[in-house]
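*Asks:* whatever this is, show me its structure:
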Amino acid sequence: MVSYIELNELYNMLDLYIVASRVEGGPRALFECAITNTPIISTNVGFAESLLSPESIYEIDGKFNPKPNTEYSKKKVQGYEIPQGFDKFIEMFKEVYES
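*Replies:* Numbering: from 1, shown residues only. Just a heads-up that it's a prediction; the model follows:
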């Protein structure tokens, strides 16, 4: 495990983070990229729809022109910061795991 400072530095070295999972419980990288303003594109897994702009989500239909929107993600993730966003965070977990 690295410190949060090191993690921030590592994410900020990236030009783009890609989540290519078919099934995912989170992934935590969605939150980490949003917090660190790291451009990210993802399949529609886990919390992707809750944190990423539609143009940052890859639908498996062969048509995709990615435009990672870091400002959108940064604003969305701020609603899940603890402690003020804890209830919202728990609700998001329920939605993902009950669907």
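*Asks:* can you give me the helices in the chain?
*Replies:* 4-11, 28-35, 48-51, 70-78, 86-98 (DSSP state H).
*Asks:* lowest average pLDDT across those helices?
*Replies:* Of all these, the segment with the smallest mean pLDDT is helix 86-98, scoring a mean of 69.
*Asks:* if we can go back for a sec, can you tell me which of the helices of the chain is nearest to V19?
*Replies:* Nearest to V19, of all the helices of the chain, is helix 28-35, at 6.2 Å by CB to CB. From N, CA and C alone the C-beta is placed, and that goes for glycine too.
*Asks:* against which helices or strands is that closest one packed?
*Replies:* helix 4-11, strand 17-19, strand 40-43, helix 48-51, helix 70-78 (3 or more CB pairs under 8 Å, 6 or more residues apart in numbering; DSSP states H and E).
*Asks:* among those, which is the most enclosed?
*Replies:* Mean neighbours per residue, mean count of other CB atoms under 10 Å, is largest over the helices and strands packed on helix 28-35 for strand 40-43, with a mean of 23.
*Asks:* pairing partners for that strand, with directions?
*Replies:* Strand 40-43 pairs in its sheet with strand 17-19 (parallel), strand 57-58 (parallel), by DSSP bridges.
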